[in-house]
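Visitor: my questions concern the predicted model and sequence given below.
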Amino acid sequence: MAEKFLARHTTASLRTLLDGKKPVIALVPIGSTEPHGPHLGLGTDVVISAAACVKACELFEKKGPLTAVIAPAIPYGVTDCASGFAGAVSVPAATLTAFTAAAADGLLAQGIRHVCLVNNHLEPAQDAAIRAVVAGREGKVSVACPLTKRWARTLSAEFKSGACHAGQYETSIMMAAAPEMVDEHMRGVLAPVPVSLSKKLAEGVTTFLEMGMELAYSGDPKAATVEEGELMIQRLAEMVVGEVREALGLPVAI
């Protein structure tokens, strides 16, 4: 299997890959730097996107006419909901769109056949900013984000409830993908916080503090398991593969 991380390639090895028989696609992990409760690291969303990309590369390798590489991540996003907490580093939506678009164009100019923007920071303004990159680049750029009903329905009950910021869903994935970023002692004493971000946002409540998330998490971190995390990573990887194949006019099922 060819090296899956673009940053680890040399210019010579990348040239060889691009000159090969299979079209090369680039997966760009996108997230944020923001609070995820007192038990998860600020880079949680980036880790989740990266884990989905790693698993997606394995799926592409098993079957299909494509070779996937993982481009360097974009670790900052629109994190206005978390304002008021230490570690909430937010960038303007227009800046995020412009930077991401420039990065995608740069990858395409190298001979990459397709770029998939894999976003697991689910703030609505972030999702809109990333999806804006696709305009004028249809077939060349796609977005894989579980906010769409098509993919949300494949994920856990907690995710579908909307009470899933650093709760059972995200904590499970972190336990599977980056256990060193999980404070297990703190996780074990956290009580469930039944606050649905999606419902609160629909009501016009826009910040964690206003929603009642005093510790910057919702859901049930204590219920998280490695097994659930591995399953959710698999589902997110299937989402990535599905979005890429659909954008390229290939059958989604592999």
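Guide: Great, that's in hand.

Visitor: elements contacting the lengthiest helix in the chain?
Guide: Identified as the longest helix of the chain according to DSSP state H is helix 226-247. Helix 226-247 sits against helix 44-62, strand 114-119, strand 141-144, helix 149-152, helix 168-177, with contacts defined as 3 or more C-beta pairs under 8 Å, 6 or more residues apart in numbering; DSSP states H and E. C-beta here means a position set from N, CA and C on the backbone, and glycine is covered the same way.

Visitor: give me that answer again for 6 Å
Guide: Applying 3 or more C-beta pairs under 6 Å, 6 or more residues apart in numbering; DSSP states H and E, one finds that helix 226-247 makes contact with helix 44-62, strand 141-144, helix 168-177.

Visitor: could you give the angle of it to helix 44-62?
Guide: 60 degrees (axes from the mean of the first three to the mean of the last three C-alpha atoms, to 10 degrees).

Visitor: between the helices and strands packed on helix 226-247, which one is closest to Ala102.
Guide: Taking C-beta to C-beta as the criterion, Ala102 comes closest to strand 141-144 out of those, the separation being 11.9 Å.

Visitor: in its sheet, what does that closest one sit against?
Guide: strand 114-119 (parallel) (DSSP bridges).

Visitor: in the strand it pairs with, what's buried?
Guide: Of the residues in strand 114-119, those buried by neighbour count under the rule 16 or more other C-beta atoms under 10 Å are His114, Val115, Cys116, Leu117, Val118, Asn119.

Visitor: pick out the most distant pair among those.
Guide: Taking C-beta to C-beta as the measure, these reach their widest spread between His114 and Asn119, a distance of 16.0 Å.

Visitor: what about the helices in the stretch 1-150 of the chain?
Guide: Secondary structure of the stretch 1-150 of the chain by DSSP state H, counting those that start in this stretch: the helices cover 11-18, 44-62, 93-109, 124-131, 149-152.
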